[in-house]
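Student: give me the fold of what follows.
(2 chains)
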Amino acid sequence: MAEHNPYVDDLSRGIIRENPVFRLLLGMCPVLGVTAYFINGLGMGLATTAVVIASNVVIASLKNYIPAQVRIPCFIVVIATFVTMVEMVLQAFQPALYEALGVFVPLIVVNCVILGRAEAFASKKPVLRSLVDGVGVGIGFTLALGILALVREVAGQGTIMGPDPESAILLFGEGFEPMGLFGQPPGAFIALGLLLGLANVLFKKLNI
Amino acid sequence: MHNILRLSVTLAAVAIISAALLTGMHNITEPVIREKEQREYLEALERFFPDINEYETREIEGDQFDLVYDQDGEKLGIMATVKTQGYEGTITYNLAVDTDTEIIGIRVISHSETPGIGDVITTDDFQEQFIGKSFEDPIQEGEDVDAVSGATMSTGSMINSIRRTVITIGENILDMERKAFALEGLADGVYRGSVEGTYGPLTVEVELSDGRIQNIEVIEHNETEAYFVDAYPEIPEKIIEEQSLEVDVQTGATLSAERIITAVINALEDAPESGSGGGDN
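Tutor: The predicted structure follows:
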């Protein structure tokens, strides 16, 4: 195509062609760890999105001032700063989510999706394109976590919008006995495997 | 040389800006977090003690105890904030008791037990069995309260912690004394007692003569061997040495140790009073 818009490309790359979970299998720790409930998966996805956007923008704007030899420590400090800020905000304004995500919030620092985007994209490209890239990767990550968490919650708990009993919707009535396995860590592997298979079939069919 | 300086300055600048940003954010969120914790705490106090007017906080062995008073200065009860080791992490909970150490309510504040298994500790079904229990009750798994099968680690840990907390409140705050088991006046003989453990019964044989425990033998048990060796024969030796059932059970095998003690108590409860002809000598 002659009139190729780089921004559209940057946005869609993170969502589909290089989806961090379904295509690159990056950042698997929160993917497996917090997806027992849809709300937790979505919350983790949004927290990671906030961090990847902010760190992409800051790193892209600082790239000319940071010597190559110390770029990794600088990137990590930038990422850690944003993660800590997100952690404080969650603790203050979303305590239930903060409690549910637990150690996985500080672990966003070492989520390789974020350092990966900083190193592979933001440190080489202009600020605006890095911003769009961060948004795309964030959406892709959130989408993947949301889908996995939805599957696991429906199968493992028989609810949506749990675990808070006030917002939880029982899908199959009171007497339903859910497949507890999907709520457990081994169930996360099984559900992720099934979804990856499905995604591969789908991507092949659509020729992406 | 020039290069090293540039690297250091860049790193230092990034770190300083980061620290400044975080300090700012901390100053914004800290009061909100504190206030929320405080509010939830007060709500818990009010739920357990609707007539609360003021409270006084004491700390004993790292746990927090709030003595609650009504507007006439009359003591209503105590709410303890306790941390205990669960199956996967620390369980923090509130335990509210009245002035006779009778349990009014339990509220689990935070835990990381297995979803769908260990988190039964937060359910009413599990918590309600403690209501009304007090200092005088054994609060022992299998005796007056039940662990939940499939979640024995989480529920057992809660049961033991609740018992210890009630005892701490009774002894340290309300100055109550646990009925010491009187060995004097029991007839000589060999007595058997058992207690139900996690995997089956534990039975002891206690030999009593001259109002003293001479020997304790565990004749049957289904404890985990790796833990049991820490409790036996250490605990029977301590009981014999101190001639008391109030021995320290900090062995690394608390559950087994407590079961041995309970079994010994059960054995001695069967012992008849010695005949009145014995005289004082």
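Student: can you give me the helices in chain A?
Tutor: In chain A, helices defined by DSSP state H lie at A:6-12, A:28-33, A:38-62, A:71-93, A:95-101, A:112-117, A:127-156, A:185-206, listed in chain order.
Student: residues of chain A that sit close to chain B?
Tutor: A:36, A:62, A:65-67, A:69-70, A:73-74, A:77-78, A:80-81, A:84-85, A:88-89, A:91-93, A:95, A:99, A:102, A:156-157, A:163, A:180, A:183-184 (Cβ under 8 Å from any Cβ of the partner chain). (Glycine included, C-beta is placed from N, CA and C.)
Student: and the closest residue to A:L128 other than its chain neighbours, what is it in contact with?
Tutor: Spatial nearest neighbour of A:L128, excluding adjacent residues (Cβ to Cβ, 6 or more residues apart in numbering or on different chains): A:Y7 at 7.7 Å. Residues in contact with A:Y7, defined by Cβ atoms under 8 Å, 6 or more residues apart in numbering or on different chains, are A:128-129, A:132.
Student: again, only this time at 10 Å
Tutor: Under the criterion of Cβ atoms under 10 Å, 6 or more residues apart in numbering or on different chains, the contact list for A:Y7 reads A:128-129, A:131-133, A:135-136.
Student: from those residues, which is closest to B:L45?
Tutor: For the contacts of A:Y7, the closest approach to B:L45 (Cβ to Cβ) belongs to A:V135, at 45.6 Å.
Student: check contacts around that closest one.
Tutor: Contacts here follow Cβ under 10 Å, 6+ apart; on that basis A:V135 touches A:7, A:10-11, A:14-15, A:49, A:52-53, A:56.
Student: counting neighbours, which of those end up buried?
Tutor: If you count burial by 16 or more other Cβ atoms under 10 Å in any protein chain shown, the buried members of the contacts of A:V135 come out as A:10-11, A:14-15, A:49, A:52-53, A:56.
Student: I'd like to know how far the most far-flung residue of chain A relative to its centre sits from chain B.
Tutor: In chain A, counting by Cα atoms, centre = their mean, A:G175 sits farthest out from the average C-alpha position, at 33.8 Å. As defined by Cβ to the nearest Cβ, to the nearest Å, A:G175 lies at a distance of 17 Å from chain B.
Student: can you read off the backbone torsions of that residue?
Tutor: When read as degrees, to the nearest 10, the backbone of A:G175 gives phi -80, psi 0.
Student: can you give me the strands in the stretch 1-150 of chain B?
Tutor: Applying DSSP state E, counting those that start in this stretch to the stretch 1-150 of chain B gives strands spanning B:54-60, B:63-69, B:75-85, B:90-98, B:103-110.
Student: so B:A267 makes contact with B:R192?
Tutor: Yes - here B:A267 reaches B:R192: they are 5.6 Å apart, a contact under Cβ atoms under 10 Å.
Student: higher neighbour count, the two?
Tutor: With other Cβ atoms under 10 Å in any protein chain shown as the criterion, B:A267 and B:R192 differ in neighbour count, and B:A267 comes out ahead with 23 against 15.
Student: now do the contacts for the more buried one.
Tutor: For B:A267, the residues meeting the contact criterion (Cβ under 10 Å, 6+ apart) are B:190-195, B:203-208, B:213, B:216.
Student: quick one: buried residues of the helix or strand where it lies?
Tutor: Take DSSP states H and E as the rule and B:A267 turns out to sit in helix B:254-269. Applying a neighbour-count criterion of 16+ other Cβ under 10 Å, one finds B:254-268 buried in helix B:254-269.
Student: now stretch B:191-200
Tutor: Per 16+ other Cβ under 10 Å, stretch B:191-200 contains these buried residues: B:191, B:193-198.
Student: and the closest residue to B:E61 other than its chain neighbours, how many neighbours?
Tutor: When the adjacent residues along the chain are set aside, B:E61 lies closest to B:T168, with 7.3 Å between them (Cβ to Cβ, 6+ apart). By the measure other Cβ under 10 Å, the count of residues near B:T168 is 17.
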